[in-house]
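Undergrad: Based on what follows, work out the 3D shape:
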Amino acid sequence: MVILYATNRWTGIANPGPLTLTDTIPNICNIIPPADMKYLNPFTNILTNIFPDPNNYDTYSGCHYQFYTPDANEKGQIAIRLIRWSSKKEAGEDFRNFFNSEWNGGVAPERLYGIADSAYFDFDFEDTAKCDECGLVATRGEYGIYIAFKGQYEKVPRARKKEAALKILQMMYDRVPGLAPSRIRNKQ
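TA: The predicted model follows:
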């Protein structure tokens, strides 16, 4: 999974504003506001910055959450993205492309069943119990949902990042009309 993380010089936590639903994708920073991210994040650092993806448009919304220490030695980040594809078929094709690109050293990403039409959480190449850059990719209807984590390889295990991703996904299901049923079951 190739994930690009945006940077922003501003160091305060932004107030993403009131939730407004339109015929376009809602602002993810409004769907998962700072107050909720405090409890959802898997990192050992507090939330220090939040900002919308600079590439947001009618069929795409993303938000970046940063968990930096004052000395900037630890830079935990979460990027949440929601894309509305033109069809369920197109969303499925994108999912398959991501999934096929994630085979690390012959290890397939972990498939997750019962939470979306298709979903997986990827592994790190060197250690499947840890991950520096990993995330959840899911499709539901014509939507693609991408929840990516970066940082704290030694301090935060992969399982904790996966648990946080599932909680974030559930919150998105609960708050974005038409995205999915509000029940997540991981049938492993």
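
Undergrad: what's residue 94 in contact with, if anything?
TA: Listed by Cβ atoms under 8 Å, 6 or more residues apart in numbering, the contact set of residue 94 reads 83, 85, 139, 144. For every residue, glycine as well, the C-beta is placed using N, CA and C.

Undergrad: State the distance from it to residue 30.
TA: Distance of residue 94 to residue 30, computed by Cβ to Cβ, to the nearest Å: 24 Å.

Undergrad: next one: residue 97
TA: Noted for residue 97: a distance of 29 Å to residue 30, by Cβ to Cβ.

Undergrad: Mind checking which of the two has more residues around it?
TA: Per other Cβ atoms under 10 Å, whichever of residue 97 and residue 30 has more neighbours is residue 30, with 18 against 10.

Undergrad: And that one, which helix or strand is it part of?
TA: Under the criterion of DSSP states H and E, residue 30 resides in helix 28-31.

Undergrad: With just CA atoms, put that helix into PDB.
TA: Output for helix 28-31, consisting of C-alpha atoms alone and laid out as PDB, is shown next (Å, rounded to 0.1, in the frame of the first residue of the first chain):
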ATOM      1  CA  ILE A  28     -14.000  13.400   6.900                       C
ATOM      2  CA  CYS A  29     -12.500  15.900   9.400                       C
ATOM      3  CA  ASN A  30     -16.200  16.600  10.400                       C
ATOM      4  CA  ILE A  31     -17.100  12.900  10.500                       C
END
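
Undergrad: Check which helices and strands the very next helix or strand once past that helix sits against.
TA: Using DSSP H and E, the helix or strand that follows helix 28-31 in sequence is helix 34-40. Using 3 or more Cβ pairs under 8 Å, 6 or more residues apart in numbering; DSSP states H and E as the contact criterion, the secondary-structure elements in contact with helix 34-40 are helix 158-175.

Undergrad: now the helix it packs on, how far from the centre of its chain.
TA: Chain-centre distance of helix 158-175: 8 Å, with Cα atoms, centre = their mean, to the nearest Å.
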